[in-house]
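Novice: Pasting the sequence and the predicted model now:
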Amino acid sequence: MKVKTVNPSTEQILAEYDIMTKEKVAAAVKKSKEVYKSWKKDIKNRSDFVQDFAAELRKKKSELARVATMEMGKVIKEASSEVEKCAWVMEFYADNGELFLNNEVINTDARKSVITFQPLGIIASIMPWNFPYWQALRFAAPSLITGNTIILKPASATIQCGIEIEKAFQRIGLPEGVFQTLVGDSSVAESLIDSDVNAVTFTGSVPVGAKVAQRATSQLKKCVLELGGSDPFIVCSDADMEKASSGAVKGRFINCGQSCIASKRFFVVKDIADEFIEKFVQKTEKLRVGDPLSEDTDIGPLVNENGLITVGAQVIDAVENGAEILTGGSRIGDKGYFYKPTILKNITRKMRIFSEETFGPVASVTIVNDEEEAINLANESQFGLGATIWTEDLEKADRLSQAIESGMVSVNNVLISDPRVPFGGIKKSGFGRELSKYGMLEFVNIKSIRFYDQLVHHHHVE
């Protein structure tokens, strides 16, 4: 059996790959398990490899960016930026990982009490197509520094990106088996979860995430899930309209709107709604849609035909139920999966777009009476990944940030993942964290060790 990758700009087949068998998956896991014994011993050695890998990413940035653009349609300037950010996350953990993993000494009744952080073993990484390098490497960087070994199952749409990551590790001389990429479809992911791995990390949709969690936890394997998002973008009456409208364009249309932390639901206080919407529409209409390999292009195609159909259906449903199209609202051409950057207003609960995640270049605007109504509507969601608030009043910003039900909030800027701060959500946006020290500690054994001078006799509870 084979799996095909397709160029979303031209709809032409890029490559065909043989789907790995269960036996090949098991062999990869066995190799990973063997090298783990030596890999976990020396953090300075691990840090050196990770630093070398960052340099290799920068060296091959143009080639890597082109592969991503060809496979999933990301515009080339965004693809280049993604590779650069991957180099940063590798350097961040190479520089800070040993500090994050230092033993913690605490006072107890024992002579000495220490908390240590040790690797778990082999981590299965099942990753999506929308940020094919960043999603895989923002997890890999801390896990490798910790001493874990990694087996990556990339999305079927971006198989070559996954292969290129493994090739880059091979070029720097990383010990064989420390990082491996598996090729195939969902059956390979299932075989990987069922194999002798110690934990699983997954980024993707809510339905698939639920299946991954069920499969992993039924075998008592730790898992971290980063799932969908429908992030609110709240514009208060005292917001800077120029900054907020520019942020709206950047936050909604990055990666053709195919980002879990993209701004998706826009709640605008009525006093300034007309001004904000006018600027938002004007700036959106300046976006250039076209060949993603051109440096002048802002918006490329959606990743596949299903994505195009889903977004189109959401817009049609909204219009049939009373939404107004302010700009866009239709496919572009008949070749490639291109859709016009779209803004809708008059959104109501009976529309699919109110409750579903919109994974494409479509923004939905709701005019509210005040910030309290905006918060209530923002929290009326199955998702809780991120949120963006625009206001010049920092006290108000703090109050609203605390009231939002999400794992992350950004004030007066679009939400951006950053190696220095934890990334993750609540509700159906998943559980666990990536990035920062907290992300690093998701896949370690937090072990307490106490040294006593004598037996403690007077305890009666475990």
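Specialist: Arrived safely. Numbering: from 1, shown residues only.
Novice: For the rest of this, base every contact and every neighbour count on C-alpha atoms.
Specialist: Will do.
Novice: Please parse the protein into its domains.
Specialist: Using automatic domain parsing, the domain ranges for the chain come out as 2-227+429-449, 231-411.
Novice: could I get these as CSV with mean pLDDT?
Specialist: Listed next are the domains of the chain as CSV, based on pLDDT from 0 to 100:
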stretch, mean pLDDT
domain 2-227+429-449, 98
domain 231-411, 98
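Novice: Nearest to P419 among these would be which one?
Specialist: With distances scored as C-alpha to C-alpha, the stretch of the domains of the chain nearest to P419 is domain 2-227+429-449 (5.0 Å).
Novice: what's the span of that closest one from first residue to last?
Specialist: Across domain 2-227+429-449, the straight-line distance between its terminal residues is 50 Å, by C-alpha to C-alpha, to the nearest Å.
Novice: Following element in sequence after the helix or strand harbouring L99, please.
Specialist: Counting by DSSP states H and E, the element that carries L99 is helix 76-100. Tracing the chain past helix 76-100, the next element assigned as helix or strand by DSSP H and E is strand 104-106.
Novice: Okay, buried residues for that next one please.
Specialist: Applying a neighbour-count criterion of 16 or more other C-alpha atoms under 10 Å, one finds nothing buried in strand 104-106.
Novice: what packs against it?
Specialist: Applying 3 or more C-alpha pairs under 8 Å, 6 or more residues apart in numbering; DSSP states H and E, one finds that strand 104-106 makes contact with strand 112-119.
Novice: quick one: strands adjacent to the strand it packs on?
Specialist: Taking DSSP bridges as the criterion, strand 112-119 pairs within the sheet with strand 104-106 (antiparallel), strand 444-451 (antiparallel).
Novice: In a markdown table: these, plus distance to V197.
Specialist: Formatted as a markdown table, the entries for these read as follows, by distance: least, C-alpha to C-alpha, whole Å:
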| stretch | distance to V197 |
| --- | --- |
| strand 104-106 | 28 |
| strand 444-451 | 14 |
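Novice: And the helices in the stretch 151-300 of the chain?
Specialist: For the stretch 151-300 of the chain, helices defined by DSSP state H, counting those that start in this stretch occupy the ranges 159-171, 186-194, 206-217, 241-253, 273-284.
Novice: Just put the ones you listed in a markdown table and tack on mean neighbour count.
Specialist: What follows is the helices of the stretch 151-300 of the chain, written out as a markdown table (neighbours: other C-alpha atoms under 10 Å):
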| stretch | mean neighbour count |
| --- | --- |
| helix 159-171 | 20 |
| helix 186-194 | 19 |
| helix 206-217 | 17 |
| helix 241-253 | 22 |
| helix 273-284 | 18 |
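Novice: Now render the ones you listed as CSV, adding distance to G300.
Specialist: Formatted as CSV, the entries for the helices of the stretch 151-300 of the chain read as follows, by distance: least, C-alpha to C-alpha, whole Å:
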stretch, distance to G300
helix 159-171, 18
helix 186-194, 26
helix 206-217, 25
helix 241-253, 10
helix 273-284, 14
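Novice: for these, which one sits closest to V319?
Specialist: Taking C-alpha to C-alpha as the measure, the helices of the stretch 151-300 of the chain were each checked against V319, and helix 273-284 came out nearest at 17.5 Å.
Novice: What helices and strands are in contact with the next helix-or-strand element following the closest one?
Specialist: Remark: after helix 273-284, the chain's next helix or strand is helix 305-320, criterion DSSP H and E. With contacts defined as 3+ C-alpha pairs under 8 Å, 6+ apart, the packing partners of helix 305-320 are helix 352-355.
Novice: Going toward the C-terminus from the helix it packs on, what's the next helix or strand?
Specialist: With elements assigned by DSSP H and E, the helix or strand that comes after helix 352-355 is strand 362-368.
Novice: From the chain's centroid, how far away is that following strand?
Specialist: A distance of 24 Å separates the centroid of the chain from that of strand 362-368, by C-alpha atoms, centre = their mean, to the nearest Å.
Novice: do stretch 227-238 as well
Specialist: Between the centre of stretch 227-238 and the centre of its host chain there is 17 Å, according to C-alpha atoms, centre = their mean.
Novice: So which bits of it are buried?
Specialist: L227, G228, G229, S230, D231, P232, F233, I234, V235, C236, S237.
Novice: Take the domains of the chain and write them to CSV, including distance to L455.
Specialist: Below are those laid out as CSV (distance: least, C-alpha to C-alpha, whole Å):
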stretch, distance to L455
domain 2-227+429-449, 10
domain 231-411, 44
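Novice: among these, which is nearest V421?
Specialist: Closest of the domains of the chain to V421 is domain 2-227+429-449, at 4.9 Å (criterion: C-alpha to C-alpha).
Novice: quick one on the thing from earlier: the helices of the stretch 151-300 of the chain: which one's closest to A28?
Specialist: Proximity of these to A28 was assessed by C-alpha to C-alpha; the nearest stretch is helix 186-194, lying at 9.4 Å.
Novice: elements contacting that closest one?
Specialist: With contacts defined as 3+ C-alpha pairs under 8 Å, 6+ apart, the secondary structure elements packing on helix 186-194 are helix 22-39, strand 122-126, helix 206-217.
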